[in-house]
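> the sequence and its predicted three-dimensional model are supplied below.
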Amino acid sequence: MSDGFVPPPPADSGATTRLLHRIRLRHLTCFVAVAQERNLGRAAQRLHLTQPAVTKTLNELEALAGVRLVDRGRRGAHLTPAGEQFLRHAVAVTDAMESAASALAGTAAPSAPIRVGALPTVASVLLPQSISRLHAAHPDVGVRVVTGSNDVLLAAVRAGELDLALGRMAEPAALQDVTFELLYTESLALIVRPEHPLTAATGPVPMPTVLEYPLVVATAGTVPRHHTEVLLQRHGLHLPSGRVETLDVTVARTLARRGDAVWFTPERVPQTDLDDGTLVRLPQSTPGTAEPVGVFRRATGESPAAVETLAGILRELAGA
């Protein structure tokens, strides 16, 4: 008697074999370039091809696959769900071919620059010291650092554009094919120059008094900005209209150092300034603003030794 279980249909091994015989490396290389550049024109420049040639190759791949992989429009090229699923395999193949070519050519693959992404508010925290330590272990390895939003960093890691990225914890749905390793958790801090009028108080300053001074806050849509707004709402307040919004740490630091601005920022960002005494932290309580920061990496594929070394250094410094 049947128990109601219906076995899945057998895989079409014939279709898989046909695809293996017909898909070429040029199809995969073209697809990965389009996925990473998110623009057919830029992908064509990267591959030293014409845009019509890229379009033709992409059309050939989609015809072979029997499914649309890339949506093309005026705003660029974006992967379909099928394209997202196919990308991790295509990147793995092209990476393997590059490593094989390097081996045949007698060049060491680890000598390629490590591609590191970071949020603007995270880049200055651990990366400088980590890179210095990396160079001591791998003096011939370069590092290419790019900054961007969490969404951009996740997409770049997933597409194989970055070896790792430093960002803030994302929703589980956004971590498809990407792992997140927690490094540390940080809350908001209110930062001013040592001679700021607010430093004369012996304890926490009423938040309405803080808002009497110019504010420097993160841009809308970011986690630090959200936490800033939530913190003020707990005091029945809202951000004033005269605020400065920036993710540029240099701009924010300079405004705080040279005037009476109060900088709302994740607490580890100004650590160097706090250590050398050019800035100080107000004794304000910021409950409910803690946010995890960690490393994003592709869930599949092996990393070069230098990338593993850098990840280990980041882990060590975060726990120091």
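Right, received. Where do you want to start? Residues are numbered from 1 along each chain as shown.
> surely Arg26 is within a helix?
Yes - assessed with DSSP: H, G, I helix; E, B strand; the rest coil, Arg26 lies in a helix.
> hang on, isn't it packed against Thr57?
Yes - using Cβ atoms under 8 Å, Arg26 makes contact with Thr57 at a distance of 6.2 Å. Every C-beta, even on glycine, is put in place using the N, C-alpha and C of the backbone.
> between the two, which is the more surrounded one?
A side-by-side neighbour count of Arg26 and Thr57, using other Cβ atoms under 10 Å, places Thr57 first with 22 against 14.
> hmm, Leu25 and that one touching each other?
No - applying Cβ under 8 Å as the test, Thr57 and Leu25 come out as separate, 11.0 Å apart.
> contacts for stretch 133-140?
For stretch 133-140, the external contacting residues (Cβ atoms under 8 Å, 6 or more residues apart in numbering) are Pro110, Ser111, Ile114, Val141, Val143, Ala305, Ala306, Thr309, Leu310, Ile313, Leu317.
> just those residues: which are in strands?
Secondary structure from DSSP state E places Ile114, Val143 of those in strands.
> quick one: which of the contacts of stretch 133-140 is most hemmed in?
Neighbour-wise, the contacts of stretch 133-140 (other Cβ under 10 Å) top out at Leu310, 26 neighbours.
> which non-adjacent residue is nearest it?
Sequence neighbours aside, Leu134 is the residue nearest to Leu310 in space, at 5.1 Å (criterion: Cβ to Cβ, 6 or more residues apart in numbering).
> return the set of buried residues in stretch 154-164.
Buried residues in stretch 154-164, defined by neighbour count with 16 or more other Cβ atoms under 10 Å: Leu154, Ala155, Ala156, Val157, Arg158, Ala159, Gly160, Glu161, Leu162, Asp163, Leu164.
> a markdown table for those, including distance to Thr147, secondary structure and pLDDT?
Formatted as a markdown table, the buried residues of stretch 154-164 follow (distance: Cβ to Cβ, whole Å; DSSP: H, G, I helix; E, B strand; the rest coil; pLDDT from 0 to 100):
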| residue | distance to Thr147 | secondary structure | pLDDT |
| --- | --- | --- | --- |
| Leu154 | 14 | helix | 89 |
| Ala155 | 14 | helix | 86 |
| Ala156 | 11 | helix | 87 |
| Val157 | 14 | helix | 89 |
| Arg158 | 17 | helix | 85 |
| Ala159 | 17 | coil | 82 |
| Gly160 | 19 | coil | 82 |
| Glu161 | 13 | coil | 84 |
| Leu162 | 11 | coil | 91 |
| Asp163 | 15 | coil | 91 |
| Leu164 | 14 | strand | 94 |
